[in-house]
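[1] I'd like to go over a predicted model; first the sequence, then the structure.
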Amino acid sequence: MNDLLVWIDNNIMWGPVMIVFLLGTHIYLTFKTGFIQKRVFKGIRESLRNEDSKKGDLSVFGSLMTALSSTIGTGNIIGVGTAIAIGGPGSVFWTWIGGIFGIATKYAESFIAVKYRRKEADGSYLGGAMTAFEHLGMPVWGKVFAWCCALGAFGIGCSSQSKAISDVISVNYHVSSVLVAFVVCALTALVVFGGVKAIANVCEKLVPFMSIVYVLGCLVILVLNIAYLPQTIAVILSAAFTKRAALGGFIGTTLMAAARAGIARGLFSNEAGMGSAPQATAASKANNAVKPALVGSTGVFWDTVVVCLMTGLVLVSSIIKNDSISCILADGSVISGSGLVSACFSQIPFLGKPLLTFGILTFAYSTILGWSYYGENCIRYLLGEKSIKIYRVMWIVVIFIGAIISEGAVWTLADILNAAMCIPNVIAVLLLREAIAKDTKYYLYEDHLEDSDPELA
């Protein structure tokens, strides 16, 4: 079964067509939005301001932290390690480039999530590709997206995250994976059964703290590896564009292998194009769709341009520095992402092991919380309010299962479900591209960012 999943993943869901489709959308929307990336720092400033609108469930900062809780996850650590293990050091470059251009797609999908959101009977707000398709008169496509998200959440946001927590604790501290699974289930249940506001309250405190601690830790490691940084950067850039033979602990790779690994793992991390995080943005208190979309797009900057880059530099410099670390195992097979990350961080005295443990525990737990909201949002859209409690129970059960099954199956299935979500979501964004461009020009580039949109729910 795992071999079949790998074949589907490599040849269908994440073949050259999907890479061109996704990266091409990123580039197209970059031009369509007037290079929205140049306004990323304005988006960061806006995220720290209080929104006076009464339309919405969460502050713009709260919605951003909820979105970041799902995007800053194990993809930033183990995902980057997996990309380097199977795609070589050049995959770091492609992860970063995919993130830069992905800011435009995250902005566009966040825009349509807010612009076409709807107010539910209980007063909460629901938005995403499913409500955008309703506006387009294509509700069947909305249901396709919602099912992909509701089911895909169990892979990217649940089982793979609990597996990462289980691995780092059981391997480094010799604790039973079953015991770890029980503890993670209990801590998750305490929050997710409280709904989106409870999730947001935890994320507002946890996400900034964990991100700052992890980035500072990586910077300390890079200072320790500073003599190898010029070589690290040179290896990453050269491997991104050329065929590379197995050398110095890295496997032999081609340009396509590096691009596929980098873009696929980058998507797993920043979710640009998937339409997941915009569901949190849709709950923002907002007067128009442009401001929360601009704030939401900064999530890709923090997630990929900053955190993934830090991890990539730490891993590649550590492999170059330490001859004992290799992507190729003694039997000729490729090391797992978690194995490579553990090998690299364990070589760093005092700081390495605690930082890795802290990063994976906090990043994975926050992702479990954020994705639980996206999944139940979609299941509520499909089956109604009564289905939420059942979905939450299923979420807790899958956390337990994920912690004790094969890592390879978890990551491969997550890759497939990620791609499945992208297709309907990107179609919705492209069909609404003119509305995105029109409102962006008026509210952002013509300085009407504080104005109210009379069409906004």
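    Sure thing, it's come through.

[2] now the helices: where do they sit in the stretch 101-250 of the chain?
    129-135, 139-154, 160-173, 177-192, 196-224, 229-241 (DSSP state H, counting those that start in this stretch).

[3] pLDDT below threshold where in the stretch 1-150 of the chain?
    For the stretch 1-150 of the chain, the stretches with pLDDT under 70 are 1-2, 10, 14, 50-54, 56-57.

[4] how does it look with 90?
    Residue ranges of the stretch 1-150 of the chain with pLDDT under 90: 1-23, 45-92, 94-99, 119-125, 148-149.

[5] how about the strands of it, start to end?
    118-119, 125-126 (DSSP state E, counting those that start in this stretch).

[6] which strands and helices sit next to the first one?
    With contacts defined as 3 or more CB pairs under 8 Å, 6 or more residues apart in numbering; DSSP states H and E, strand 118-119 has these neighbours: strand 125-126. (Each C-beta comes from the backbone N, C-alpha and C, glycine too.)

[7] Note down every partner strand of the strand it packs on and its orientation.
    Partners of strand 125-126 in the sheet, by DSSP bridges, are strand 118-119 (antiparallel).

[8] list the buried ones in stretch 292-309?
    By neighbour count on 16 or more other CB atoms under 10 Å, the buried set for stretch 292-309 is 292-309.

[9] Regarding that stretch, how distant is the last residue from the first?
    25 Å (CA to CA, to the nearest Å).

[10] quick one: which of the strands of the stretch 1-150 of the chain is nearest residue 105?
    For these, distance to residue 105 was read as CB to CB. The smallest value, 21.2 Å, belongs to strand 125-126.

[11] Need the contact partners of that closest one.
    55-57, 117-120, 279, 282-283, 377, 380-381, 457 (CB atoms under 8 Å, 6 or more residues apart in numbering).

[12] Between those, which sits nearest residue 183?
    residue 377 (26.3 Å).

[13] residues contacting the closest one?
    Applying CB under 8 Å, 6+ apart to residue 377 gives the contacts 126, 128, 149, 279.

[14] Give the buried residues for stretch 176-185.
    Of the residues in stretch 176-185, those buried (16+ other CB under 10 Å) are 177, 180, 181, 184, 185.

[15] ok, which pair from these is furthest apart?
    So, these by CB to CB: farthest apart are 177 and 185, at 12.4 Å.

[16] Skip the chain neighbours and tell me the closest residue to residue 25.
    Once flanking residues are discounted, residue 25 sits nearest to residue 426: 5.3 Å by CB to CB, 6 or more residues apart in numbering.

[17] What secondary structure category should be reported for the one you found?
    helix (DSSP: H, G, I helix; E, B strand; the rest coil).

[18] try residue 286
    coil.

[19] now it, nearest residue through space, not along the chain?
    Using CB to CB, 6+ apart and skipping the chain neighbours, the partner closest in space to residue 286 is residue 292 (4.6 Å).

[20] Is the one you found in contact with residue 280, as I believe?
    No: counting by CB atoms under 8 Å, residue 292 sits too far from residue 280 to count as a contact (9.7 Å).

[21] Quickly list what's touching both of these two.
    residue 63.

[22] could I get the strands of the stretch 1-150 of the chain as CSV with mean neighbour count and distance to residue 343?
    As requested, the strands of the stretch 1-150 of the chain are exported to CSV (neighbours: other CB atoms under 10 Å; distance: least, CB to CB, whole Å):
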stretch, mean neighbour count, distance to residue 343
strand 118-119, 14, 49
strand 125-126, 22, 44
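
[23] And the next helix or strand past the longest helix along the chain?
    With secondary structure taken from DSSP state H, the chain has its longest helix at helix 352-383. Using DSSP states H and E, the next helix or strand after helix 352-383 towards the C-terminus is helix 387-402.

[24] quick one: that following helix to helix 160-173, angle?
    Put simply, helix 387-402 runs at 30 degrees to helix 160-173, going by axes from the mean of the first three to the mean of the last three CA atoms, to 10 degrees.

[25] before we move on, back to that, the residue nearest to residue 25: neighbour count?
    Counted with other CB atoms under 10 Å, residues neighbouring residue 426 total 23.

[26] now residue 290
    27.

[27] Can I get stretch 72-92 in CSV? Just the C-alpha atoms.
    Provided in CSV are the C-alpha atoms of stretch 72-92 (Å, rounded to 0.1, in the frame of the first residue of the first chain):
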residue,chain,number,x,y,z
ILE,A,72,4.3,26.9,11.3
GLY,A,73,4.4,23.2,12.0
THR,A,74,6.6,20.2,11.5
GLY,A,75,6.8,21.1,7.9
ASN,A,76,9.2,23.8,9.0
ILE,A,77,11.5,21.3,10.6
ILE,A,78,10.9,17.7,9.5
GLY,A,79,9.4,18.8,6.2
VAL,A,80,12.6,20.7,5.3
GLY,A,81,14.6,17.7,6.4
THR,A,82,12.6,15.4,4.2
ALA,A,83,13.0,17.8,1.2
ILE,A,84,16.8,17.9,1.7
ALA,A,85,17.0,14.1,2.2
ILE,A,86,15.1,13.3,-1.1
GLY,A,87,15.8,16.5,-3.1
GLY,A,88,19.3,17.5,-2.0
PRO,A,89,20.4,20.9,-0.7
GLY,A,90,18.9,22.7,-3.8
SER,A,91,15.4,22.0,-2.4
VAL,A,92,16.0,24.7,0.2
